[in-house]
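Asker: missing the sequence, but the structure's below:
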């Protein structure tokens with residue numbers, strides 16, 4: 001594949017285990033430019049970001065039918081020509097009945113109701129393919145699935161059929177919306193024909209990611225990580241006085257999230273001192289350290305981040321001592337009182 005920017009050649013690419021689906025180890029989560037949770041982007045601004053990502057070596061774009069009520073898929077179709085799409089990996093998600101969930105869902109950051117009956121899923125796939133202007137999805141994921149949905153045999157029969165028909169190349173389970181859902185992840189690996197589990201995991205939030213990574217290796221599956229920077233905390237740009245825009249979802253978090261997070265990241269300076277890495281790059285190296293993690297999806301919402309994060313492939317790896325120090329800090333809660341964390345959507 002020819003890329004417009006020479007530096008992009010340093011990006012690394014991996015295959016989802018058991019498939020021929022290739023992903024760049026740093027992907028682009030389209031929700032940041034489509035959903036309004038990280039600021040407002042015009043179509044032109046969003047498309048410029050997506051094209052800049054490709055120029056820097058990103059080939060893996062993760063979206064969902066519910067992002068911006070279909071907008072996350074349509075802007076991908078607008079960003080890339082059919083010829084360019086053939087060189088890219090598109091992931092989307094399904095399972096939310098967002099069309100019938102009320103007009104205020106996006107503004108209030110509320111989940112839509114789930115729906116997994118087969119006629120609904122048939123239509124969801126058709127409409128996603130139409131919005132993306134493509135004849136297949138490289139990865140299609142059950143979106144924030146619950147255990148009751150994983151038990152629906154007819155869903156897996158349907159997914160097997162659309163794979164055989166060539167409409168979908170691989171199947172994943174996205175866990176969420178907040179961190180957790182260990183049982184759903186373990187069940188997916190061990191009892192359902194999934195290729196990848198998509199989870200929240202980062203140097204400040206090791207559980208349940210550690211156990212899911214262990215299960216992925218035991219069952220020869222892959223992991224996709226989102227929120228590798230703990231909603232921006234591990235970008236190293238926050239202090240106690242940081243404020244967020246009115247439409248930024250982090251504005252609604254408890255004050256303790258910011259205060260305690262800043263105290264924690266100050267104890268991670270060993271990841272950057274004399275290493276040539278930024279904290280944001282070290283955070284990506286952390287989640288990519290295990291071979292089961294084939295790609296990380298940082299929240300990218302400006303060009304500076306895009307340059308920094310895509311350059312992560314070119315900086316020094318974390319060594320075993322770094323990994324052990326991070327784990328020890330986590331186990332000691334960074335020396336802070338163990339607060340009760342409020343579950344918030346990421």
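Answerer: Good, I have the coordinates. Here the structure is a predicted model, which means the values were calculated and not measured. Residues are numbered from 1 along each chain as shown.
Asker: Look up phi and psi at the nearest residue to residue 111 once chain neighbours are set aside.
Answerer: Spatial nearest neighbour of residue 111, excluding adjacent residues (C-beta to C-beta, 6 or more residues apart in numbering): residue 177 at 6.5 Å. For every residue, glycine as well, the C-beta is placed using N, CA and C. Dihedral angles of residue 177 (phi, psi; degrees, to the nearest 10) stand at phi -80, psi -30.
Asker: and residue 258, what does it touch?
Answerer: For residue 258, the contact set (C-beta atoms under 8 Å, 6 or more residues apart in numbering) comprises 238, 240, 242.
Asker: Swap in 10 Å and give it another go.
Answerer: 233, 238-244, 250 (C-beta atoms under 10 Å, 6 or more residues apart in numbering).
Asker: wait, which of the residues you listed is closest to residue 196?
Answerer: Taking C-beta to C-beta as the measure, residue 196 sits nearest to residue 233 out of the contacts of residue 258, at 25.4 Å.
Asker: ok, how many other residues are close to that closest one?
Answerer: As a burial measure, residue 233 scores 25 neighbours (other C-beta atoms under 10 Å).
Asker: That one against residue 239, yeah?
Answerer: No. In this structure residue 233 lies outside contact range of residue 239 using C-beta atoms under 10 Å: 11.1 Å.
Asker: Identify the contacts common to these two.
Answerer: In contact with both residue 233 and residue 239: 258, 262, 265, using C-beta under 10 Å, 6+ apart.
Asker: Phi and psi next, for the first one.
Answerer: Listed backbone geometry of residue 258 is phi -70, psi -50, with angles given as degrees, to the nearest 10.
Asker: Going along the chain, name the strands of the stretch 51-200 of the chain.
Answerer: 60-62, 89-94, 139-143, 171-174, 196-200 (DSSP state E, counting those that start in this stretch).
Asker: ok, now the stretch 201-346 of the chain?
Answerer: Going by DSSP E, counting those that start in this stretch, the stretch 201-346 of the chain shows strands at 222-226, 293-297.
Asker: buried sites along the strand or helix carrying residue 14?
Answerer: If you go by DSSP states H and E, residue 14 is part of strand 13-15. For strand 13-15, a neighbour-count test (16 or more other C-beta atoms under 10 Å) marks 13-14 as buried.
Asker: what residues does it touch?
Answerer: 1, 21-25, 57, 59-60, 89, 170, 222, 288, 291, 293-295, 313.
Asker: Give me the below-cutoff pLDDT ranges for the stretch 1-150 of the chain.
Answerer: 1-9, 102-109 (pLDDT under 70).
Asker: now the end-to-end length of stretch 239-258.
Answerer: 8 Å (C-alpha to C-alpha, to the nearest Å).
Asker: still on that earlier bit, quick one: the residue nearest to residue 111 and residue 144 touch, right?
Answerer: Yes. Checked against C-beta under 10 Å, the pair residue 177 and residue 144 is within contact range at 5.3 Å.
Asker: out of these two, which sits in the busier spot?
Answerer: residue 144 (24 against 16).
Asker: The nearest residue to that one once chain neighbours are set aside and residue 123: what is the separation?
Answerer: Distances taken as C-beta to C-beta, 6+ apart put residue 176 closest to residue 144, at 4.5 Å, once the chain neighbours are dropped. Distance of residue 176 to residue 123, given as C-beta to C-beta, to the nearest Å: 23 Å.
Asker: So between those two, which is more surrounded?
Answerer: The neighbour comparison of residue 176 against residue 123 (other C-beta under 10 Å) goes to residue 176, with 19 against 12.
Asker: what's the distance between the more buried one and residue 208?
Answerer: In terms of C-beta to C-beta, residue 176 sits 12 Å off from residue 208.
Asker: Give me the common contacts of the two.
Answerer: 184, 199-200.
Asker: got the residues you listed as a markdown table, with distance to residue 34 columns?
Answerer: Formatted as a markdown table, the shared contacts of residue 176 and residue 208 follow (distance: C-beta to C-beta, whole Å):
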| residue | distance to residue 34 |
| --- | --- |
| 184 | 25 |
| 199 | 21 |
| 200 | 19 |
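Asker: Now flag whichever of those residues is closest to residue 138.
Answerer: residue 199 (18.9 Å).
Asker: how far away is that closest one from residue 18?
Answerer: 18 Å.
Asker: quick one: which of these two has more around it?
Answerer: residue 199 (27 against 15).
Asker: Name the nearest residue to that one, ignoring sequence neighbours.
Answerer: The nearest residue in space to residue 199 (C-beta to C-beta, 6+ apart) is residue 175, at 4.9 Å.
Asker: How many residues are close by that neighbour?
Answerer: 27.
Asker: Hmm, residue 189 and it touching each other?
Answerer: No. Look at residue 175 against residue 189 with C-beta under 10 Å: they stay out of range, at 11.4 Å.
Asker: Please enumerate the shared neighbours of the two.
Answerer: With C-beta under 10 Å, 6+ apart as the test, residue 175 and residue 189 both reach 197, 212.
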